[in-house]
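1. Got a sequence here, can you build the structure:
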Amino acid sequence: MGGAAGIPSGGGFVSTAISNAGDKELQDAVKGLSGDARKILAMQLEGLAFFESLDVNKDGKISMPEAKKALVKLFPALEKSINKAFVDADSSADFYLDQNELIALRASLAEYAKVDTSGDGQISMPEAKKALVGAYPQLDKQINTAFVDADVDVAGDFYLNMREFTSLHAALRAYAKIDASGDGKISMPEAKKAMLSLYPQLDKSINIAFVDADKSGDFYLSMREYAALHGSLSAFAKAAGADGKISMPEAKKVLMKVYPELDKQINTAFVDADDSGDFYLDMREFASLHSALETYAAVDTSGDGKLSMPEAKKALVKSYPVMKAVINSAFVAADDSGDGDFYLSMREFSYLKRMLGGFVKADKSADGKLSLGEAKKVLGRDFPKADVAKVFLEVDKSSTSGDFYLSPKEYLELYKKVAA
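-> Numbering: from 1, shown residues only. Predicted coordinates for the structure are as follows:
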């Protein structure tokens, strides 16, 4: 988006703005400037004139009511957006705008109004794409997805308000800057160069984080994948020390702010996430810990730091509908693995998910039953020393079917026996 969108840039406007400055020396000085330089100067002078017209008491600041009264006249369709835009422009957070802040606010409103060709005070996907493809043609295929990601308001209405459009524009601008090759995608060298400038202490973690973020497996990052990479590195850097790894105290300090109700469980969850057993978490381990806490907290709708049977069942039926009939029994089995208090800790809930998820994952044929081969494949990983075949046959014979397949109920019995 070139310059301050929405402000005329023709020769007549430039000449008028400069002549209105009222300073002959300034007018003479700008005669030798290039066309672009003259336009920029004209915009600055016009902005200054706008500020001075509002600053009637000459105190160098403009209140929200003063700004809104003037801006609504310029941008009537954006009346509902001006208050939030004022807050965003008020970098000093003093509820007043200085000259630079007001000029920036007016420019952002002008840019938004220019893209909003329908004049309804909101930006549709076609309106956004038409404007943004002109600025970022190499990102043509990514703008739609980026639009959806930017549309974060409660309505999820496929329109962008000013704040959302600003976020979309900033994301595209940042991505395009890192995409040095201009091919519309970010390679590992491009990503690493950018991330190292932000997180030099994570040098050894960036390559692994790139691979984890590359969900498409094409060794390039889309905008969504790059956002995931940046987010994971940012979260890790906040907790990690200068050594690029996270100790238990460091992890707990950060995670307690997000999940205070899980205070008593974070230490255990840290140990479970520490696959290397070195009492430190690398990026992948920390991501696993964060994900486990996030999942558990989302299921714990009461916010009491533990999961009741109704809370667990509601979540698990959505994830494993084929196991609905055995979830209550599986809950009791998972609770028995701990303190038997009819609530599940994080470790017990993880056990329950492995139990149920194992059946769904192993049932490749999706016929709602497991063969011996399918059962051995999934349980052999979790219990390598167990004689899965022997227990399988015992469970199958003890049932009425004896058909060399296990139903969800029989699988649950197998899992409990093997785990014991």
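2. domain parsing for this protein?
-> 11-113, 116-181, 316-420 (automatic domain parsing).
3. and Gly244, which of these is closest to it?
-> domain 116-181 (21.5 Å; CB to CB). The way it works is simple: take the backbone N, C-alpha and C, and place the C-beta from them, glycine included.
4. Next up, the contacts around Ile266.
-> Shown in contact with Ile266 (CB atoms under 8 Å, 6 or more residues apart in numbering): Ala251, Lys252, Leu255, Met256, Tyr259, Leu293.
5. at 10 Å what do you get?
-> Met248, Ala251, Lys252, Lys253, Val254, Leu255, Met256, Tyr259, Pro260, Leu289, Leu293, Met346 (CB atoms under 10 Å, 6 or more residues apart in numbering).
6. Show me what counts as buried in the one helix or strand it maps to.
-> Per DSSP states H and E, Ile266 falls inside helix 263-273. For helix 263-273, burial by neighbour count (16 or more other CB atoms under 10 Å) applies to Gln265, Ile266, Ala269, Phe270, Asp272, Ala273.
7. Including distance to Phe383 and pLDDT, could those go into JSON lines?
-> Shown next, in JSON lines, are these (distance: CB to CB, whole Å; pLDDT from 0 to 100):
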{"residue": "Gln265", "distance to Phe383": "25", "pLDDT": "95"}
{"residue": "Ile266", "distance to Phe383": "27", "pLDDT": "96"}
{"residue": "Ala269", "distance to Phe383": "22", "pLDDT": "96"}
{"residue": "Phe270", "distance to Phe383": "24", "pLDDT": "97"}
{"residue": "Asp272", "distance to Phe383": "17", "pLDDT": "95"}
{"residue": "Ala273", "distance to Phe383": "21", "pLDDT": "96"}
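8. Redo the residues you listed as TSV? Include distance to Asp341.
-> As requested, the buried residues of helix 263-273 are exported to TSV (distance: CB to CB, whole Å):
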residue	distance to Asp341
Gln265	14
Ile266	19
Ala269	18
Phe270	22
Asp272	20
Ala273	24
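9. picking up where we left off before, direction included, what does whatever helix or strand comes next after the helix holding Ile266 pair up with?
-> Moving toward the C-terminus from helix 263-273, the next helix or strand (DSSP H and E) is strand 280-281. With DSSP bridges as the test, strand 280-281 is paired with strand 246-247 (antiparallel).
10. which residues sit against the strand it pairs with?
-> By CB under 10 Å, 6+ apart, strand 246-247 touches 236-241, 252-255, 270, 273-274, 279-283, 285-286, 289.
11. Please apply the same query to stretch 112-127.
-> So stretch 112-127 is contacted by 1, 4-7, 74-81, 85, 128-132, 143-144, 147-148, 150-151, 157-162, 164-166, 168-169 (CB under 10 Å, 6+ apart).
12. Leaving aside the residues adjacent along the chain, what's closest to Ser108?
-> Nearest in space to Ser108, with sequence neighbours left out and distances taken as CB to CB, 6 or more residues apart in numbering, is Ala85 at 6.3 Å.
13. For the closest residue to Val299 other than its chain neighbours, give its distance to Leu262.
-> In this structure, Val299 finds its nearest non-sequential neighbour in Ala315, 4.4 Å apart by CB to CB, 6+ apart. Look at Ala315 and Leu262: by CB to CB, to the nearest Å, they are 16 Å apart.
14. Please apply the same query to Ala70.
-> In terms of CB to CB, Ala70 sits 50 Å off from Leu262.
15. So for these two, which sits in the more crowded spot?
-> Leu262 (22 against 18; other CB atoms under 10 Å).
16. now the strands for the stretch 301-420 of the chain?
-> Assigned by DSSP state E, counting those that start in this stretch, the stretch 301-420 of the chain shows strands spanning 370-371, 405-406.
17. Can I have the buried ones of the contacts of strand 246-247 as a ChimeraX selection?
-> ChimeraX command restricting the contacts of strand 246-247 to the buried ones, with burial defined by 16+ other CB under 10 Å:
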select :236,237,239,240,252,254,255,270,273,274,280,281,282,283,285,286,289
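18. how about the closest residue to Tyr351 other than its chain neighbours, what does it touch?
-> In this structure, Tyr351 finds its nearest non-sequential neighbour in Ala334, 4.9 Å apart by CB to CB, 6+ apart. By CB under 10 Å, 6+ apart, the residues touching Ala334 are 307, 312, 344-345, 347-356, 416, 419.
19. can we see that at 8 Å?
-> Leu344, Glu348, Phe349, Tyr351, Leu352, Met355.
20. tell me which helix or strand of the chain sits lowest on mean pLDDT?
-> helix 11-19 (a mean of 44; mean pLDDT, DSSP states H and E).
21. quick one: low-confidence parts of the chain?
-> 1-35, 38-43, 154-155, 336-340, 398-402 (pLDDT under 70).
22. if we can go back for a sec, buried subset of the contacts of stretch 112-127?
-> Counted by 16+ other CB under 10 Å, those give 1, 4-7, 75, 78, 81, 85, 128-129, 131-132, 143, 147, 150-151, 159-162, 164-166, 168-169 as buried.
23. Give me the neighbour count for Ser302.
-> Count around Ser302 with other CB under 10 Å applied: 11.
24. for Lys177, same thing?
-> Based on other CB under 10 Å, the number of other residues close to Lys177 is 10.
25. Now the element after the host helix or strand of it, going C-ward?
-> Assessed by DSSP H and E, Lys177 sits inside helix 162-178. Using DSSP H and E, the helix or strand that follows helix 162-178 in sequence is strand 186-187.
26. Please name every helix or strand in contact with that following strand.
-> strand 220-221 (3 or more CB pairs under 8 Å, 6 or more residues apart in numbering; DSSP states H and E).
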